[in-house]
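A.B. asks: Below are the sequence and a predicted model for it; my questions follow.
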Amino acid sequence: MNSMNQIETNMQYTYNYEEDEYMTQEEEWDRDLLLDPAWEKQQRKTFTAWCNSHLRKAGTQIENIEEDFRNGLKLMLLLEVISGERLPKPDRGKMRFHKIANVNKALDYIASKGVKLVSIGAEEIVDGNVKMTLGMIWTIILRFAIQDISVEETSAKEGLLLWCQRKTAPYRNVNIQNFHLSWKDGLGLCALIHRHRPDLIDYSKLNKDDPIGNINLAMEIAEKHLDIPKMLDAEDVVNSARPDERAIMTYVSCYYHAFAGAQKAETAANRICKVLAVNQENERLMEEYERLASELLEWIRRTIPWLENRTPEKTMQAMQKKLEDFRDYRRKHKPPKVQEKCQLEINFNTLQTKLRISNRPAFMPSEGKMVSDIAGAWQRLEQAEKGYEEWLLNEIRRLERLEHLAEKFRQKASTHEQWAYGKEQILLQKDYESASLTEVRAMLRKHEAFESDLAAHQDRVEQIAAIAQELNELDYHDAASVNDRCQKICDQWDSLGTLTQKRREALERTEKLLETIDQLHLEFAKRAAPFNNWMEGAMEDLQDMFIVHSIEEIQSLISAHDQFKATLPEADGERQAILSIQNEVEKVIQSYSMRISASNPYSTVTVDEIRSKWEKVKQLVPQRDQSLQEELARQHANERLRRQFAAQANVIGPWIQTKMEEIARSSIEMTGPLEDQMNQLKQYEHNIINYKHNIDKLEGDHQLIQEALVFDNKHTNYTMEHIRVGWELLLTTIARTINEVETQILTRDAKGITQEQMNDFRASFNHFDRDESDNLHSDEFKACLISLGQVGNDLQRKNGLMDHDDFRACLISMGYDLGEAEFARIMSLVDPNGQGTVTFQSFIDFMTRETADTDTAEQVIASFRILASDKPYILADELRRELPPEQAQYCIKRMPPYTGPGSVPGALDYTSFSSALYGESDL
């Protein structure tokens, strides 16, 4: 019966803190303990080892937890060791009341520390009640080992559990959720040791299937290297269905206290690592900018001389090759460089934003590599490119003209040479000396006919000379041979004129001696020669090459040809009249039985020649018709190419302009989260990229037009150059707009601005940006501040205006004590160039600068001071121990030597180094 009463009494045993959170836990523990005696065994060993870890500092220990605390002496000693305070002097007697008095002194001290004890009396401790004794020791452990643990605004048990979860999160097979089942495999204990002292344990070699070995390994290492005694029995933990939570918490709390100092150093090291990582990333971006800028400028430097080379080629094939090379440059080589230039500007803006956010000095590129320098070099490239294309087209036109003139020169020269061939020999003959009167007269008439023929060829000789002169003026590559041939023709022409004159004089002298002449032959000669010359001219015209550039020009040639064909009946009548003269001569000879030749002594033109040339003319007329019709068809095809190009260009040009206006409006009118704005802009960019095939198709049509040598188009005001420039500007504009939103996101995330604040800032900014220039004038800026909740009466807020005193009061309400100088300083922040306007980015920076929580030089110096154990300097070994190798080496390389008081060899000045990170320096 007494035993049952004792059990009932024990079931009522509870003890409370002032905080009620543990009462329910303890009551549940008591009930479970009665059902599972294995927990009592685990607590005996764990609590005994925990007490001995403190009592050994006083040179003693306990063997049996319920027996060794009965007299109260070691209990008081334990409290003195763990609290560092003196308790009242114990009673040294051995009587029961002496023991009760000592235990009561210990319980009174526990109660004085804010622990409310319920149902724990000194008599139960003196009588050796195991459960009461374990409960008392657990109360002491909670108060002095666990209650003061604080991690991220949680304390005691929750704080210790959160600390364990944070430290073991990176480890595989470790998932700490409680203080019983989560620790059965021993990996959690090993992970805690490895996280803080990786040199003590090789976590990769642990086996989850060996829980006893893992627990024993952790306890052995903790006892040997961390001065934490073995408090658990590995077999009990593993074999228990639910290990004792208090035993596990007691043992794990020893790990927390052992590593508490390392936690502080780790926090300091993390801050330094964060600052150094930002600095290293910024340096990497600077080096990347310098490299990309150098490569782009070098490409421009190499390309401009090629575009400025105006050395003409001698043939159309060579110039066509130059044009093909230029097209390859426009299609293949330049577009990637356009993208590189745009990306370079984006990288530069992003870098400056990161530097501004992290309170670093602005990046100043090397001399000659500023964004403005790159833009200037690009402008020179575009200018050279435009001049080069114009020069190519002019050269092609010039060579085309030269080829046409050269062919025309060759045809006319060949015709003239054929006509002049043998004429000098004829003029040098003296056949009239032995000729009869009739023959002499015939010679004279023949000579007259020759003179007529010679005069008729005067125009051709002048044309040959004029063509040769034009070829020389146009710098024809084979001008030397042209000049030589022309000179020979002119010399021969002068010689023919001289010889003709001499022969005429001789014939006229002989004529006086001759009395007979055949009028019919003379008439034939006079009419046949001009007709023959007309036929030769007609054949020359019918075979003449032509070059036209429009339907109107070819139609003009067709009209002229039709007029020529209309003269053929009249020419045919003249031909028949000439042939009838020869027929009359033959009739007279036959009628009078004359013994002279029927050939005409006065003319070299024969009837057969007239017939032959007439047939030739009739053959050339339809051929000329065909060539003109073919050229008309070609011009119609060229016109279709013009209309096809114009139809697309007149759609693409306005489309590009519309997209430019939409992007401009979107940057002002877009609201909502920045991510949604980014998605909308990305959709714009996607639509624009998908439109690229229309540009490519237009490029193909433009190439067909150039290959067809079509150089004008009256159906559109857009040229391919206009489309290219507009397209490149559209791509650049959407990329820059996206970068602006990315910069706002970066600013928002770095400065801690909420999405609602960013939306309010943008809405207020857009409302007062009345001219939609994305800039605020000074009065608009004041009105915008009022709209965001700053000072001003209702009328002023309604009108968006603020007088001088209200504006100063607005800034004072934000934490400024303003004089005139301070007011001018703030205006210089939002308008550093004194332009009288405030950009949205300057507005955002001003609104967030006052509340932004960013790293400062003082915070970094304080972190280094923690790592240096409060010394004014730090050693290289301390940096290598506390920081990752890469960042430790970064600090060692850049920290100046410390030369202040107490300096030792190898001392480094972390104060100067930290200040340099946020100011002007070479670091």
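C.D. replies: That came through, no problem. None of these values were measured; they are calculated from a predicted model. Numbers count the residues shown, from 1 in each chain.
A.B. asks: rest of the way, CA atoms for contacts and neighbours
C.D. replies: OK.
A.B. asks: Just give me the residue right at the centre of this structure.
C.D. replies: residue 343 (2.8 Å; Cα atoms, centre = their mean).
A.B. asks: Give the rounded mean pLDDT of the one helix or strand that residue maps to.
C.D. replies: Assigned by DSSP states H and E, residue 343 belongs to helix 334-357. Averaged over helix 334-357, pLDDT sits at 83.
A.B. asks: Check which helices and strands that helix sits against.
C.D. replies: Contacts defined by 3 or more Cα pairs under 8 Å, 6 or more residues apart in numbering; DSSP states H and E place helix 334-357 against helix 245-308, helix 720-751.
A.B. asks: Run the angle between that helix and helix 245-308 for me.
C.D. replies: 140 degrees (axes from the mean of the first three to the mean of the last three Cα atoms, to 10 degrees).
A.B. asks: which residues sit against helix 334-357?
C.D. replies: Contacts of helix 334-357 with the rest of the structure, by Cα atoms under 8 Å, 6 or more residues apart in numbering, involve 282, 285-286, 289, 292-293, 296, 361-363, 371, 728, 732, 735-736, 739, 743, 747, 750-751.
A.B. asks: quick one, what contacts residue 226?
C.D. replies: Contacts of residue 226 (Cα under 8 Å, 6+ apart): residue 258.
A.B. asks: backbone phi and psi for it, please?
C.D. replies: Here is the backbone geometry of residue 226 (degrees, to the nearest 10): phi -110, psi 0.
A.B. asks: again, but for the one 3 residues further on
C.D. replies: Its backbone dihedrals place residue 229 at phi -70, psi 160, with angles given as degrees, to the nearest 10.
A.B. asks: Which phi and psi values does residue 874 adopt?
C.D. replies: According to degrees, to the nearest 10, residue 874 has phi -140, psi 150.
A.B. asks: same check, this time on residue 210
C.D. replies: Dihedral angles for residue 210 - degrees, to the nearest 10 - are phi -120, psi 70.
A.B. asks: can you give me how far stretch 221-234 is from the chain middle?
C.D. replies: Distance, stretch centre to chain centre, for stretch 221-234: 58 Å (Cα atoms, centre = their mean, to the nearest Å).
A.B. asks: My error: substitute stretch 605-623 in the last question.
C.D. replies: Stretch 605-623 has its C-alpha centroid displaced from the chain centroid by 73 Å (Cα atoms, centre = their mean).
A.B. asks: ok so, going back, mean pLDDT for the helices and strands packed on helix 334-357: which is lowest?
C.D. replies: The bottom spot among those, by mean pLDDT, belongs to helix 245-308, with a mean of 80.
A.B. asks: so for the helix or strand following that helix, what's the average pLDDT?
C.D. replies: Remark: after helix 245-308, the chain's next helix or strand is helix 316-328, criterion DSSP H and E. Regarding helix 316-328, the rounded mean pLDDT is 72.
A.B. asks: now the angle from helix 316-328 to helix 334-357?
C.D. replies: 30 degrees.
A.B. asks: CA atoms only for the one helix or strand residue 580 maps to - export them in CSV, please.
C.D. replies: Residue 580 is part of helix 568-591, with elements assigned from DSSP H and E. C-alpha atoms of helix 568-591 as CSV (Å, rounded to 0.1, in the frame of the first residue of the first chain):
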residue,chain,number,x,y,z
LEU,A,568,11.3,51.8,-144.7
PRO,A,569,8.7,52.1,-147.5
GLU,A,570,10.2,55.4,-148.6
ALA,A,571,13.7,53.8,-148.4
ASP,A,572,12.5,50.9,-150.4
GLY,A,573,11.3,53.3,-153.1
GLU,A,574,14.7,55.0,-153.2
ARG,A,575,16.3,51.5,-153.5
GLN,A,576,14.1,50.6,-156.5
ALA,A,577,14.8,54.0,-158.1
ILE,A,578,18.6,53.4,-157.8
LEU,A,579,18.3,49.9,-159.2
SER,A,580,16.2,51.3,-162.1
ILE,A,581,19.1,53.7,-162.9
GLN,A,582,21.4,50.7,-163.3
ASN,A,583,18.8,48.9,-165.3
GLU,A,584,18.6,52.0,-167.6
VAL,A,585,22.4,51.9,-168.1
GLU,A,586,22.3,48.3,-169.1
LYS,A,587,19.4,49.0,-171.4
VAL,A,588,21.3,51.8,-173.1
ILE,A,589,24.4,49.7,-173.5
GLN,A,590,22.3,46.9,-174.8
SER,A,591,20.3,49.2,-177.1
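A.B. asks: Under a three-state scheme, what state does the nearest residue to residue 49 once chain neighbours are set aside occupy?
C.D. replies: Leaving aside its sequence neighbours, residue 49 sits nearest to residue 231 (Cα to Cα, 6 or more residues apart in numbering; 5.2 Å). Following DSSP: H, G, I helix; E, B strand; the rest coil, the label given to residue 231 is coil.
A.B. asks: neighbours around residue 231, how many?
C.D. replies: When neighbours are counted by other Cα atoms under 10 Å, residue 231 registers 24.
A.B. asks: doesn't residue 46 make contact with it?
C.D. replies: Yes - here residue 231 reaches residue 46: they are 4.2 Å apart, a contact under Cα atoms under 8 Å.
A.B. asks: rewinding a little: any chance of a markdown table for the helices and strands packed on helix 334-357, columns mean neighbour count and distance to residue 669?
C.D. replies: A markdown table is the format used below for the helices and strands packed on helix 334-357 (neighbours: other Cα atoms under 10 Å; distance: least, Cα to Cα, whole Å):
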| stretch | mean neighbour count | distance to residue 669 |
| --- | --- | --- |
| helix 245-308 | 17 | 32 |
| helix 720-751 | 17 | 13 |
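A.B. asks: any chance of the ones you listed in TSV, with distance to residue 181 too?
C.D. replies: Output for the helices and strands packed on helix 334-357, formatted as TSV (distance: least, Cα to Cα, whole Å):
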stretch	distance to residue 181
helix 245-308	9
helix 720-751	40
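A.B. asks: between those helices, which gets nearest to residue 322?
C.D. replies: Of all the helices and strands packed on helix 334-357, helix 245-308 sits nearest to residue 322, with 10.7 Å by Cα to Cα.
A.B. asks: Check which helices and strands the closest one sits against.
C.D. replies: Packed next to helix 245-308, using 3+ Cα pairs under 8 Å, 6+ apart, are helix 37-55, helix 156-168, helix 187-196, helix 334-357, helix 371-420, helix 857-867, helix 876-882, helix 885-894.
A.B. asks: Report how many residues lie close to residue 126.
C.D. replies: Residues near residue 126, counting by other Cα under 10 Å, number 23.
A.B. asks: Just the pLDDT at it, thanks.
C.D. replies: At residue 126, the pLDDT recorded in the model is 86.
A.B. asks: Kindly report the same for residue 923.
C.D. replies: 42.
A.B. asks: so which of the helices and strands packed on helix 334-357 comes closest to residue 236?
C.D. replies: Comparing the helices and strands packed on helix 334-357 by Cα to Cα, helix 245-308 comes nearest, at 11.1 Å.
A.B. asks: next one: the closest one to chain centre, how far?
C.D. replies: For helix 245-308, the distance to the chain centre is 23 Å (Cα atoms, centre = their mean).
A.B. asks: same question, stretch 654-669
C.D. replies: 21 Å.
A.B. asks: distance of residue 147 from residue 162?
C.D. replies: Separation of residue 147 from residue 162 (Cα to Cα, to the nearest Å) stands at 14 Å.
A.B. asks: follow-up on the earlier one: what do residue 231 and residue 46 both touch?
C.D. replies: Common neighbours of residue 231 and residue 46 (Cα under 8 Å, 6+ apart) are 247, 251.
A.B. asks: Quick check: which of the helices and strands packed on helix 245-308 is buried the most?
C.D. replies: helix 187-196 (a mean of 22; mean count of other Cα atoms under 10 Å).
A.B. asks: For that helix, name the packing helices and strands.
C.D. replies: Helix 187-196 packs on helix 156-168, helix 211-225, helix 245-308, going by 3+ Cα pairs under 8 Å, 6+ apart.
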